[in-house]
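[1] Fold the following and give me the result.
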Amino acid sequence: MSRRIYFEITEETDWTQKINPDLGSIATLIFFANNLNPVMGEKMMNSTLSEYSYRVEKDLPRGNYTIDNSSAHYGPDHMEELIHFIDGQLIPSLQNSLQHKDIVTDIYGGVRNFLNLYYDGPVYLGYIGIDESDSIEGYTGYIPNLMQKTLELKNFYQRVKILNKTYEVFIE
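    Predicted coordinates:
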């Protein structure tokens, strides 16, 4: 069963404003974003990390952050650039892709081949560590699914920016 990645605005009481996409789809989306623009692909990855995870991955001092702290590495001041990238590059590229194809199976040759490509890419792609159980054939890389996940992330980032609040992110 695929794990989920949870995005919640700090102190948000409206559960409908929280998102919890499957981890495999988010990893596929970040891989796709990296192929479009490696700088923004890395920033998208960083937006999925807690401050603790970011510090561990970058081998930085952890300070007061522990594994139990899910405060996101990114804050409201990072959202504009991500939103601009999503609107200007990511969404148009997904719209121009074969709409009824699965990126993982139809373009990258299946889950195992995709995972090889994923882990042969930039080191940062491994920060959220996916495996075969996180990829659901016919769903994880399916273009309409990725478009939906992209819009969910964009809407979440816009809400973070508008409310000017931090958010929390964790994987289960």
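[2] what's the spacing between residue 126 and residue 47?
    Taking C-beta to C-beta, to the nearest Å as the criterion, residue 126 is separated from residue 47 by 16 Å. For every residue, glycine as well, the C-beta is placed using N, CA and C.
[3] Compare those two and say which is more crowded by neighbours.
    Shown here are residue 126 and residue 47; by other C-beta atoms under 10 Å, residue 47 has more neighbours (23 against 14).
[4] doesn't residue 72 make contact with the more buried one?
    Yes - when contacts are counted by C-beta atoms under 8 Å, residue 47 is listed as touching residue 72 (7.1 Å).
[5] okay, and the common contacts of those two?
    residue 169 (C-beta atoms under 8 Å, 6 or more residues apart in numbering).
[6] Mind listing residues that contact the longest helix seen in the chain?
    The longest helix of the chain (DSSP state H) is helix 143-163. Helix 143-163 is contacted from outside by 7, 9, 17, 19, 21, 25-26, 28-29, 32, 47, 75-76, 79-80, 82-83, 86-87, 90-91, 94-95, 97-103, 139, 166-167, using C-beta under 8 Å, 6+ apart.
[7] hmm, try it at 6 Å
    7, 19, 21, 25, 29, 76, 79, 82-83, 86, 90, 94, 97, 99, 101, 139, 167 (C-beta atoms under 6 Å, 6 or more residues apart in numbering).
[8] of these, buried ones?
    For the contacts of helix 143-163, a burial check counting by 16 or more other C-beta atoms under 10 Å picks out 7, 19, 21, 25, 29, 76, 79, 82-83, 86, 90, 94, 97, 139, 167.
[9] Sitting in helices, which of the residues you listed do you find?
    Cross-referencing the buried ones among the contacts of helix 143-163 against helices under DSSP H gives 25, 29, 79, 82, 83, 94.
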